[in-house]
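Undergrad: Only the shape, not the letters, is given here:
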């Protein structure tokens, strides 16, 4: 009897061991890929809600005067309390064209830098510049931002501001070390529908926001040849993953208060095969491309610490109407910008006399056009109340570019935290490397680093600062 019991017990233990080992291996197999978070350098602190001394007149220097730079120069001629000090581009003729913008605006000529690979460094080294505005190709963004901050300048960097985790950490560490602002020039967060809907979400119109969507869907087949040295197609040729995520990520992250009470925890990405990229190169050069990396469509799912989710898409290759998706799924309401602007709300969420026919709403259909207009009028963001008319006159993607630049100058002038900080930059740009890592590992989950290194819950809620 004893022997039988012993054999049975041994068998049970062996079964448990095999089961536990198998379970452990299964857990390990599905555990997210960990990405190193480097320790904060000794003596440094985070720059959450960073404020810098007020600057009465913001003196700015522009680097990169190709596609986006001249428009920025033109917009800054309309911002009070600013002065354009210097202009830089590798091509001298581009600098001259931007000088014409200043001349036509009745402003003095700026210092010119061009013709050499390090001309931009000379601009950064000037002592009469407060802000360096970088609008070059992606590959030089981070290097220029780091150098400018090391030379005592605040920096504003076009999207994406960084393409690798190493570049992201360089920008974070330099901003923390120098206590200089490092902002990514993400204009879409100032779009009229996005900012109005953000205000609605912050005031509880949608209930608790549970899921958000964003994208950059923009067929670029008519634009590839306009990029200097064809650098953008070249980047898609060499790199897999969502390489241009920030237009969708910015508004989505603001809705979920990322690093202001929540944080991105894990992502999973997948892509289609590459069809149109190789076809374009073959059409232009006759070259048969077999190593094109970026899929025609890339999709990413992200889960946050607080159990919210995000869906982000990237597609610049196939015929599709332009879309940034922009969807809000709340416990009590919904918003979507594309293909048409719409809201869907529980009747109980809309009781104000300011909204007509609110008693006829339902939770499974879009509100009528007059209700949508009334909602957008009622919840118009204070930034738009102040700037919408001027912004639409000055322009820049319908005015949101001007609002972005104006807000940057306004916060510097008043010694306020910027609307977007270096951690926003990091979170919105990390998609490039993290999605590639997921895709190349059979769409495995990947941990998203805490770029604040523990400070993500330090401030509650996303708010734009105003002078008092």
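TA: Yep, that arrived. Owing to the predicted nature of the structure, the values given are computational and were not obtained by experimental measurement. Residues are numbered from 1 along each chain as shown.

Undergrad: Which residue, other than its chain neighbours, is closest to residue 207?
TA: Using Cβ to Cβ, 6 or more residues apart in numbering and skipping residues adjacent in sequence, the residue nearest residue 207 is residue 332, 3.0 Å away. (C-beta placed from N, C-alpha, C; glycine too.)

Undergrad: isn't that neighbour right up against residue 349?
TA: Yes. If you go by Cβ atoms under 8 Å, residue 332 and residue 349 touch, sitting 5.1 Å apart.

Undergrad: Find the residues that touch each one of those two.
TA: 205-207 (Cβ atoms under 8 Å, 6 or more residues apart in numbering).

Undergrad: need the strands for this protein, in chain order.
TA: For the chain, the strands defined by DSSP state E occupy 58-63, 82-89, 111-114, 131-134, 154-158, 182-185, 209-217, 264-271, 298-304, 309-315, 327-330, 333-336, 342-345, 446-447.

Undergrad: Of all those strands, which one comes closest to residue 170?
TA: Among the strands of the chain, the nearest to residue 170 by Cβ to Cβ is strand 182-185 (10.3 Å).

Undergrad: Domain ranges for the chain, per the record?
TA: When the chain is parsed with automatic domain parsing, its domains come out as 58-185, 189-383+421-447.

Undergrad: and the end-to-end length of the last one?
TA: Domain 189-383+421-447 stretches 25 Å from its first residue to its last (Cα to Cα, to the nearest Å).

Undergrad: Kindly report the same for the shortest one.
TA: Using Cα to Cα, the span of domain 58-185 from its first residue to its last is 17 Å.

Undergrad: Residue 425 contacts residue 182, doesn't it?
TA: Yes. Using Cβ under 8 Å, residue 425 is in contact with residue 182, at 6.5 Å.

Undergrad: how about the helices in the stretch 301-450 of the chain?
TA: Ranges of helices in the stretch 301-450 of the chain, per DSSP state H, counting those that start in this stretch, are 369-378, 382-394, 400-414, 422-429, 431-440.

Undergrad: quick one: low-confidence ranges for this structure?
TA: 1-29, 351-354, 356-360 (pLDDT under 70).

Undergrad: The helices of the stretch 301-450 of the chain into CSV, with extra columns for distance to residue 168 and mean neighbour count?
TA: What follows is the helices of the stretch 301-450 of the chain, written out as CSV (distance: least, Cβ to Cβ, whole Å; neighbours: other Cβ atoms under 10 Å):
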stretch, distance to residue 168, mean neighbour count
helix 369-378, 35, 16
helix 382-394, 27, 16
helix 400-414, 20, 24
helix 422-429, 5, 28
helix 431-440, 8, 23
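
Undergrad: ok so, going back, with residue 395 as the reference, name the closest of the domains of the chain.
TA: Nearest of these (Cβ to Cβ): domain 58-185, 7.9 Å.

Undergrad: which neighbours do residue 425 and residue 182 share?
TA: By Cβ under 8 Å, 6+ apart, the residues touching both residue 425 and residue 182 are 157, 161, 171.

Undergrad: Dig out what the first one forms beta bridges with.
TA: Read that as residue 157. residue 134, residue 184 (DSSP bridges).

Undergrad: Distance-wise, check it relative to residue 416.
TA: 19 Å (Cβ to Cβ, to the nearest Å).

Undergrad: Looking at those two, which is more packed in?
TA: residue 157 (30 against 20; other Cβ atoms under 10 Å).

Undergrad: For that one, list the residues it contacts.
TA: With Cβ under 8 Å, 6+ apart, residue 157 has these contacts: 134, 141-142, 144-145, 182-185, 425.

Undergrad: Rebuild these as a markdown table, extending it with distance to residue 450.
TA: Converted to a markdown table, the contacts of residue 157 look like this (distance: Cβ to Cβ, whole Å):
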| residue | distance to residue 450 |
| --- | --- |
| 134 | 26 |
| 141 | 23 |
| 142 | 20 |
| 144 | 26 |
| 145 | 21 |
| 182 | 18 |
| 183 | 20 |
| 184 | 18 |
| 185 | 24 |
| 425 | 15 |
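
Undergrad: Include distance to residue 103 when you put the strands of the chain into JSON lines, please.
TA: Formatted as JSON lines, the strands of the chain follow (distance: least, Cβ to Cβ, whole Å):
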{"stretch": "strand 58-63", "distance to residue 103": "15"}
{"stretch": "strand 82-89", "distance to residue 103": "12"}
{"stretch": "strand 111-114", "distance to residue 103": "13"}
{"stretch": "strand 131-134", "distance to residue 103": "19"}
{"stretch": "strand 154-158", "distance to residue 103": "24"}
{"stretch": "strand 182-185", "distance to residue 103": "25"}
{"stretch": "strand 209-217", "distance to residue 103": "35"}
{"stretch": "strand 264-271", "distance to residue 103": "46"}
{"stretch": "strand 298-304", "distance to residue 103": "44"}
{"stretch": "strand 309-315", "distance to residue 103": "40"}
{"stretch": "strand 327-330", "distance to residue 103": "45"}
{"stretch": "strand 333-336", "distance to residue 103": "44"}
{"stretch": "strand 342-345", "distance to residue 103": "46"}
{"stretch": "strand 446-447", "distance to residue 103": "50"}
